[in-house]
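Colleague: Predicted model follows, preceded by the sequence.
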Amino acid sequence: MAKGNSEHTHPIGESTKRVDAPDKVTGAALYADDIQFGNALLHARVKRSPHPHALIKRINIEKARALPGVKAVVTGEDFPGHIGLYLQDRYIFCRDRVRYVGDPVAGVAATRVEIAEAALDLIEVEYEVLPPVLDPEFGASPTAPIIHPELGQYVVANFIMPVAGTNISNHFKIRKGNMTEAWGQCAAIIERKYRIPHIQHVPLEPHVAIAKVDASGEVTLWDSSQSPFAQRDLIAQTLGINQSSMRVVAPVVGGGFGGKAGVSMESLAVAIATKVRGHPVKLLLTREEEFYTAFVRQGLISYFKIGCDASGKILAMENTFYWDGGAYTEYGVNITRAAGYSCTGPYEVPNVKTDSYCVYTNHPVGGPMRGFGMPEMHAGLEQCIDDLAYQIRMDPVELRRRNCLTEHSILATGGKMHPTGLAECLEKAAQAIGWGKVAPPSSPNKRRGKGLALMWKAPAMPPNAGSSAWIELSEDGMITLGIGCQDIGQGAFTVAAQMAAAAFGVPFESVRLATPVDTRYSPYEWQTVASRITWSTGNAIINAANDARTQVLELVANAWEENIDDLDIIDGSVVSFKTEKEISLKKLVVYGLPKPDGSGWLGGPIIGRGSFMPTYVTGLDPETGQGEQAVVHFTTGAQAIELEVDLDSGKIEILKGVAAFDVGKAINPEMVKAQMEGGLVQGISSALFEQLQLKGGVVQNASFVDYRIATTADAPLKMQSIIVEVPQADGPWGARGIGEHSMVPTVPAIANAIYDAIGIRFDGPPFTAEKVYLAMLDAGIVKE
Amino acid sequence: MNYHKISLTVNGSQEDVIVPSNMTLMRMLRETLALTGTKNGCSAGECGACTVLMNGEPINSCMVLAVECDGATLLTVEGLAQDGHLAPIQAALIEAGGVQCGFCTPGVLISAVALLRRNPDPDEAEIREALVGNLCRCTGYERIIESVKVAAKKQAALAFTTA
Ligand code: FES
Ligand code: FES
């Protein structure tokens, strides 16, 4: 780990300002759509399936090809390879069959967007419509039509378990303890079913990709991306290009939340560009396309059965999850795995039986979204915990106190929990919301309630997800930090600069980042997902800094004829504790130092390198889900909500939201809090408004008017963010991730507060004014 | 397609441009004048990312045709900083942490400028109201609202020192 430098050069725990903010407030920041490509630029549009499930009988592109201004028309015939992150189940353009409304069937490149659009209308596609699967529980049943008959032949990662001949693309199981015995010992058992709708990420910047293939076949892709390296690998594999011949440049990203991870629309742009060499080809999704063709958050039908003894000790849990994975589950299979190994929530449960099924449906493609299965799974679970408490007449906070994970707790997968501040998060959130104190509503036609929920989440990633970094020094003593992670708004670049400064021994202002990320020049990073960047890239940065430090200190030690252990780099200078000599890093890191006897020179340009991969993660038994260390670590936390329900309208107003998370160590406390606030409001938005309305597989609300997200009018009047710091043994300065976690417990915290206010439970979000009002009518709380 | 020659003032400088009839102001700014600070979030008047000031009023530039801007005065995010000095609202947004991905930021800045010109000392409810058309998916809004308060104070301080 990092060497202890003086406070002055150690900007860890300081809320330094964002390095990218000045460019962003002046309009200078370049997002992918802002890059100018001149007259050679062609515009791409995509012909999409109008059917949720159909066989393609015939495609005729001749008329489209003949339209003046059209430079290329491509179809699935041109690109035979499969693509996919964990399960290769997707063609770039559909070949024999379409599986959702919006599935790409053909692509056009033309000199103007209008011409490309006109060309789409000239493409004739003949379909044989097939019965669709529009419900995951039905989809998992033996009577459902099969959406991917070739499932058994797909290439798949070794920890994903597809069931050939069915629509189940992953079946994750936990079998632990003795269920029959456990149920017999329970004083209270509750059983519930919940439904979580599909929602969209809605980054403010729509997806955009510009691809160019040069005369020798070298490919460049500029796109709004969380995953430049994964895109390089997957697209290159599928199109038969060498990875090193494919370059991905990822400029400033206008929000991602998982939606710009992996490969989705980027491969379309590259595929089309292969047919018009020399021309950059731009594909920009319209906001409407964004709603139904970008990754959606998978829907979920969940069943919970949970039992505890009279003292509130949870004894058993049986969960069944049917994930609505959509038409392709190449990325989504891992969400269902993550929900499987996290199925108990942050509680110690000795007896567990869980089946988590990823199910193909003819819905939009499910993919990663902030929380990666955790918000969906916790939504039901954390309401069950409240109900269980009510059933044994115990305060829900007390029940959580008695069961929540502490260090050494045994997890559902058999491993042991690391040190965690979960209990402290619970106490602090409860205290901040004034748990147990009843405040009167602000008017007689309102009811007030409080709710709380806990959460945990691990970075869900393959066991060999690596990070790397380099550090180069220049004549003026500045250091340039190369990283391959992306700043999608969370502040990764700023935190990376803080960590490099601290680890190397220079002021924060002396660090420059080698951005934008460019796979040709930036060091490798698996993907900017899973809230793993501060932790994983941070470790790589420390390693790179230590490598560069060692080179500098060895050089100076030789030149001064001193022992390296007596030297340190502090505030941009090498100092000797023994002789009290001091020399600035300026010049010496490039030009070296004269030999002590003056006979020549020592040193030369210095570059430090570092990488990191968690090689200690182990596999799980496919039948029981048991294993030593399933994941690297868990971030834990709590949220509490105080709200009012308007009896006249059913409208819910969030008065106060409290978030408390154990981040291990807050490298930049204000940015940690900013993540907590942003996630809380995104969670509130998903609780109160958001749902992709699907009718027969067709999205009904593909606009900001019909798909509403939280505005300034909906954000809570008061927010409080609480940082808890129980260090992570393998984290940089003890840090863990926080980006996604802050929206995980929001829905159940709100649901529990609604129950506290009006005594009604819903089978799932969104808790819209209409739904709440009708439920209150049904319950006789209000009269028509 | 018909083309039109229009003259307008953008961020203080006089521009003559030729635009097709169906070109929106947003596209003209981004494509013809290469002022890409104004963002395209929806092209439908629903997200506020493309907000600019036209003759002093905030408008969604994706909903206005370029030809309608003949003779108009426009202010975009690129025109906020003066002589390399950030406007108070820009500095406040950095200070209060109201920038994350930054895609909503240009529109937020312009809406905030319009508000502060109208009302130099807005209360929280007025700020929320003025920014209700500027969607932000990252920040949770709290720090944006805080930024406007900070800017109002800074502006007041500026007015005081120059008075
Ligand atoms: S782009 Fe104009 S309002 Fe969204
Ligand atoms: S900062 Fe990302 S949308 Fe506002």
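Modeller: Cool, the structure landed. Residues are numbered from 1 along each chain as shown, chains lettered A, B, ... in the order given. Ligands and ions are numbered 1, 2, ... in the order given.
Colleague: Would you mind naming what in chain B lies close to ligand 2?
Modeller: B:100, B:101, B:102, B:103, B:104, B:136, B:137, B:138, B:139 (C-beta under 6 Å from any ligand atom). Just so you know, the C-beta spots here come from the backbone N, C-alpha and C atoms, and that holds for glycine as well.
Colleague: again, only using 5 Å
Modeller: B:100, B:101, B:103, B:104, B:136, B:137, B:138 (C-beta under 5 Å from any ligand atom).
Colleague: Can you report how many residues lie near the residue nearest to the fifth one when sequence neighbours are not counted?
Modeller: Going back to what we said before, that points to residue B:136. Among residues not flanking residue B:136 along the chain, residue B:104 sits closest, at 4.3 Å (C-beta to C-beta, 6 or more residues apart in numbering or on different chains). Neighbour count of residue B:104, defined by other C-beta atoms under 10 Å in any protein chain shown: 33.
Colleague: which residues sit in contact with residue B:104?
Modeller: Contacts for residue B:104 (C-beta atoms under 8 Å, 6 or more residues apart in numbering or on different chains) come out as A:204, B:39, B:41, B:47, B:48, B:49, B:134, B:135, B:136, B:137, B:138.
Colleague: got CSV for the residues you listed, with pLDDT too?
Modeller: Shown next, in CSV, are those (pLDDT from 0 to 100):
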residue, pLDDT
A:204, 98
B:39, 98
B:41, 98
B:47, 98
B:48, 98
B:49, 98
B:134, 98
B:135, 98
B:136, 98
B:137, 98
B:138, 98
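Colleague: Turn the residues you listed into CSV, columns for secondary structure and neighbour count.
Modeller: Shown next, in CSV, are the contacts of residue B:104 (DSSP: H, G, I helix; E, B strand; the rest coil; neighbours: other C-beta atoms under 10 Å in any protein chain shown):
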residue, secondary structure, neighbour count
A:204, coil, 26
B:39, coil, 30
B:41, coil, 28
B:47, coil, 28
B:48, coil, 27
B:49, coil, 28
B:134, coil, 26
B:135, coil, 25
B:136, coil, 32
B:137, coil, 27
B:138, coil, 31
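Colleague: returning to that earlier point: any idea how far the residue nearest to residue B:136 lies from residue B:98?
Modeller: As judged by C-beta to C-beta, to the nearest Å, residue B:104 and residue B:98 stand 10 Å apart.
Colleague: For residue B:74, list each beta-bridge partner.
Modeller: residue B:10, residue B:54 (DSSP bridges).
Colleague: What does the pLDDT read for it?
Modeller: pLDDT, the model's per-residue confidence, is 98 for residue B:74.
Colleague: Next, count neighbours for it.
Modeller: Neighbours of residue B:74 using other C-beta under 10 Å come to 25.
Colleague: any idea how far it is from ligand 1?
Modeller: 15 Å (C-beta to the nearest ligand atom, to the nearest Å).
Colleague: show me the contacts for that residue.
Modeller: Contacts of residue B:74 (C-beta under 8 Å, 6+ apart): B:8, B:9, B:10, B:11, B:25, B:29, B:52, B:53, B:54.
Colleague: Count the neighbours of the fourth one for me.
Modeller: This points to residue B:11. Counted with other C-beta under 10 Å, residue B:11 comes out at 18.
Colleague: related to what we said a few turns ago, adding distance to residue A:607, write the residues of chain B next to ligand 2 out as JSON lines.
Modeller: JSON lines is the format used below for those (distance: C-beta to C-beta, whole Å):
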{"residue": "B:100", "distance to residue A:607": "32"}
{"residue": "B:101", "distance to residue A:607": "31"}
{"residue": "B:103", "distance to residue A:607": "34"}
{"residue": "B:104", "distance to residue A:607": "38"}
{"residue": "B:136", "distance to residue A:607": "39"}
{"residue": "B:137", "distance to residue A:607": "38"}
{"residue": "B:138", "distance to residue A:607": "34"}
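Colleague: tell me which of the residues you listed is nearest to residue A:276?
Modeller: residue B:103 (29.2 Å; C-beta to C-beta).
Colleague: which residue sits closest to the closest one, ignoring its sequence neighbours?
Modeller: Counting by C-beta to C-beta, 6+ apart, the residue nearest residue B:103 is residue A:254, at 3.0 Å.
Colleague: Mind telling me which residue of chain B is nearest chain A?
Modeller: As assessed by C-beta to the nearest C-beta, chain A sits closest to residue B:37 within chain B, at 2.1 Å.
Colleague: and the spatially most central residue of chain B, what does it touch?
Modeller: Among the residues of chain B, the one closest to the centroid is residue B:110, at 2.5 Å (C-alpha atoms, centre = their mean). Going by C-beta under 8 Å, 6+ apart, residue B:110 touches B:51, B:52, B:53, B:58, B:75, B:76, B:77.
Colleague: what's the neighbour count on the second one?
Modeller: Residue B:52 is flanked by 28 other residues according to other C-beta under 10 Å.
Colleague: in a helix, that's where it is, yeah?
Modeller: No - counting by DSSP: H, G, I helix; E, B strand; the rest coil, residue B:52 is not part of a helix but strand.
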